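Student: Quick one, what's the 3D model for this:
(one chain, ligands or ions: 1)
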Amino acid sequence: MSRETCFRLCPLTSLPDRSARGFSIHRQGTELDLLVVREGPRIHAYVNSCPHTGATLDWVPHQFLDAEGKHIQCATHGALFRLRDGYCVFGPCAGQSLTPVPVEVVDEDVVIRTVVKR
Ligand code: FES
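Tutor: Reported below is the predicted structural model:
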């Protein structure tokens, strides 16, 4: 048996265009690190884990984007990932992708829904 759990991460207004924030959610006794990035009207969320080594992407809390705000940049070896789909366009994991997490905006809040097994 499973049920859906909803996590309200932040107000949409706290996430300006071409910015990102990190979050940790707790589910079933484990912690899941995420990043959420805004690209115009679209919101994307990914697991905060680089496909190269599994390292977290940020070296300073909430610092995920390159200087131009065009890509997510891994702090460890500089891999660059597209905002819209997490696809790596440069670096040691080129051709791989970040793990997407379904995200939506509900009542002006950024919301993650996950399925939790009982
Ligand atoms: S750990 Fe991310 S590019 Fe190496």
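Student: So which bits of this protein are right by the ligand?
Tutor: Residues of the chain that fall close to the ligand, judged by CB under 6 Å from any ligand atom: 50, 52, 53, 55, 74, 76, 77, 79, 91, 92, 93. Every C-beta, even on glycine, is put in place using the N, C-alpha and C of the backbone.
Student: Among those residues, which one is most surrounded by other residues?
Tutor: Using other CB atoms under 10 Å as the neighbour test, the residues of the chain next to the ligand are led by residue 74, with 26 neighbours.
Student: Apart from its neighbours in sequence, what residue is nearest that one?
Tutor: The spatially closest residue to residue 74, leaving aside those adjacent along the chain, is residue 50, at 4.6 Å (CB to CB, 6 or more residues apart in numbering).
Student: Ok, residue 51 next?
Tutor: residue 96 is the one closest to residue 51 (CB to CB, 6+ apart), at 4.0 Å.
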